[in-house]
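> this is the structure alone, sequence omitted:
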């Protein structure tokens, strides 16, 4: 591995922000909203999407380490969303399990 390309961060020394905070603070709410609406890659959530959203929080439970084979495109999708991809995969699986359990009760 190339040591020059390895970046190490901690809670005490997070990575530097790439956001231009001064530019953002100078913008009006209308400008921020217009910019968000014009971004085809990340449109704002609709009220319908927000109505179906659920807050997922970690619980105090022991997790079991497993070795799992997943398709490369599935892993790439979750990794592209940034750090915590394994927790997101767990949240998706947990949501599926809860949905299946609720479906069997109905």
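Sure thing, it's come through. The structure presented is a predicted model; accordingly, all values stated were derived computationally and were not measured.
> span of stretch 76-96 from start to end?
With Cα to Cα, to the nearest Å applied, stretch 76-96 spans 20 Å between its terminal residues.
> do stretch 25-43 as well
Looking at stretch 25-43, the gap from its leading to its trailing residue is 21 Å under the measure Cα to Cα.
> can you list the neighbours in contact with that stretch?
24, 44 (Cβ atoms under 8 Å, 6 or more residues apart in numbering). From N, CA and C alone the C-beta is placed, and that goes for glycine too.
> before we move on, which element is the nearest residue to residue 44 once chain neighbours are set aside in?
If the residues on either side of it in the chain are set aside, residue 44 comes closest to residue 36, at 5.2 Å by Cβ to Cβ, 6 or more residues apart in numbering. Residue 36 belongs to helix 29-37 when assigned by DSSP states H and E.
> and if you look at residue 70?
For residue 70, there is no enclosing helix or strand under DSSP H and E.
> could you pull up phi and psi at it?
Main-chain dihedrals, residue 70, degrees, to the nearest 10: phi -120, psi 160.
> lovely, talk soon.
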